[in-house]
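**Q** no sequence on hand, only this structure:
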Ligand SMILES: [Fe+2]
Ligand SMILES: [Fe+2]
């Protein structure tokens with residue numbers, strides 16, 4: 001099984017490059033996971049963005065710390081047949097809407113294969129949520145998950161690396177999201193777990209992690225709040241990884257990066 005994972009789609013530039021570029025990548029993968037947590041103007045996921053991602057070839061949409069920002073998420077989560085959304089697993093409230101993992105039947109050259117996609121939130125330099133390490137241990141008690149692919153949405157490289165090693169040999173992939181900058185530590189951990197600290201994002205290239213440059217620069221210059229907006233006019237980049245999986249374990253991982261000209 002070959003899985004394409006794309007990092008955080010950010011605002012209109014991210015949606016545009018996803019719609020323009022994913023269709024030509026689609027044939028190179030059996031299954032496509034896209035993190036959409038910033039697709040609605042930088043915050044959350046709305047119906048228009050979800051529909052565009054699915055039309056472009058996405059099979060599963062993951063989220064992150066901005067999961068709840070747009071109200072459309074609540075109605076989309078009630079329509080699981082149309083919207084294959086996975087929100088972070090490790091919320092403490094058992095009545096949290098939606099699901100933190102989802103199992104898909106993926107058609108590959110070998111036939112139908114089971115793939116479970118999990119979304120986790122980190123806790124270092126982020127808002128308080130349940131323990132993602134223990135949440136994974138609980139989930140992996142199950143014996144019906146098939147191949148497991150984890151999107152770990154977290155700020156700290158240390159927390160992400162620790163999760164990679166915690167799950168090494170137990171899942172097929174641990175790929176980080178949230179920092180929006182792709183890391184070069186692409187590797188396969190012992191036991192066949194593909195790992196990269198951050199996939200990088202899918203959004204405006206000439207930006208500060210997606211925002212127009214003036215707001216962040218003024219904030220750092222003046223130490224006062226400044227308005228941040230999506231860097232709408234920018235050319236876009238698209239980042240992710242292709243993961244090759246055999247028998248539930250990764251046999252290959254390649255970084256993928258595309259930058260629009262301009
Ligand atoms: Fe993000
Ligand atoms: Fe995030």
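**A** Happy to help now that I have it. Keep in mind that what you see is a predicted model, and the values were worked out from it rather than measured. Residues are numbered from 1 along each chain as shown. Ligands and ions are numbered 1, 2, ... in the order given.
**Q** find the closest residue to ligand 1 in this protein.
**A** residue 8 (3.6 Å; CB to the ion). All C-beta spots, glycine's among them, are computed from the backbone N, C-alpha and C.
**Q** for the closest residue to that residue other than its chain neighbours, give its distance to residue 189.
**A** Spatial nearest neighbour of residue 8, excluding adjacent residues (CB to CB, 6 or more residues apart in numbering): residue 201 at 4.2 Å. Distance of residue 201 to residue 189, computed by CB to CB, to the nearest Å: 23 Å.
**Q** what does residue 115 give?
**A** Taken as CB to CB, the span from residue 115 to residue 189 is 19 Å.
**Q** ok, back up a step: correct me, but the residue of the chain closest to ligand 1 touches residue 64?
**A** Yes - between residue 8 and residue 64 there is a contact at 7.1 Å, judged by CB atoms under 8 Å.
**Q** so between these two, which is more surrounded?
**A** The residue with more neighbours, out of residue 8 and residue 64, is residue 8; 31 against 25, by other CB atoms under 10 Å.
**Q** just the strands from the stretch 101-250 of the chain, written as ranges.
**A** 101-108, 111-121, 147-153, 173-177, 187-189, 193-196, 203-204, 236-246, 249-259 (DSSP state E, counting those that start in this stretch).
**Q** may I see those arranged in CSV, with mean pLDDT, mean neighbour count and distance to residue 68 as well?
**A** Shown next, in CSV, are those (pLDDT from 0 to 100; neighbours: other CB atoms under 10 Å; distance: least, CB to CB, whole Å):
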stretch, mean pLDDT, mean neighbour count, distance to residue 68
strand 101-108, 98, 16, 18
strand 111-121, 98, 22, 12
strand 147-153, 99, 28, 13
strand 173-177, 99, 30, 17
strand 187-189, 98, 17, 32
strand 193-196, 99, 27, 26
strand 203-204, 98, 30, 20
strand 236-246, 98, 23, 24
strand 249-259, 98, 16, 29
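**Q** do you know which of the ones you listed lies nearest residue 224?
**A** strand 203-204 (23.8 Å; CB to CB).
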